[in-house]
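*Asks:* Mind looking at a prediction? Sequence and model below.
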Amino acid sequence: MTDDIVIIHGNGRLVRGKEAVMNDFARSLRDFSVQQTVESEETIVAGEWAFDRATVHTTISSSSSGDTKKFDSRTVTILRKQSGCGWCVARVIGVVYQQH
């Protein structure tokens, strides 16, 4: 991921910066069991930038209560090509469109 990464979650919550994203992921993985499948539907490469549009199927189970939620979202991920890292995630926008 890039140092200036920005993630906009399906509920509108925004996480900005590599350290904040890493802390957010660590907290999520501590509190929940997360299973995801990603279906990439379109990828466009334009020079040093790439754009991927996908559907993501997610199942989240609470580590403490065992409660499970399932939902589907659509995402746009923007990647930037950087020396030393190759393609790095720079932006992610997710929109939840269905909860089970």
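*Replies:* Cool, got the structure.
*Asks:* Show me where the chain has its helices.
*Replies:* Remark: helices assigned in the chain by DSSP state H are 18-31.
*Asks:* Quick test: name the residue nearest the centre of it.
*Replies:* Centroid check for the chain by C-alpha atoms, centre = their mean gives residue 92 as the closest residue, at 5.8 Å.
*Asks:* Please tell me I have it right and it contacts residue 76.
*Replies:* Yes. Counting by C-beta atoms under 8 Å, residue 92 touches residue 76, with 7.4 Å between them. Where C-beta positions appear, they are placed from N, C-alpha and C, glycine not excepted.
*Asks:* returning to what we had before: show the pLDDT at the closest residue to the residue nearest to the centre of the chain other than its chain neighbours.
*Replies:* Nearest residue to residue 92 in three dimensions, chain neighbours excluded: residue 7, at 4.6 Å (C-beta to C-beta, 6 or more residues apart in numbering). Note for residue 7: predicted pLDDT of 98.
*Asks:* burial count for residue 7?
*Replies:* Using other C-beta atoms under 10 Å, residue 7 has 21 neighbouring residues.
*Asks:* Next one: the residue nearest to the centre of the chain from residue 31, what distance?
*Replies:* Distance, residue 92 to residue 31, using C-beta to C-beta, to the nearest Å: 20 Å.
*Asks:* still on that earlier bit, next up, the contacts around the residue nearest to residue 92.
*Replies:* Taking C-beta atoms under 8 Å, 6 or more residues apart in numbering, we find residue 7 in contact with 14, 15, 16, 21, 24, 91, 92, 94.
*Asks:* Done for today, thanks.
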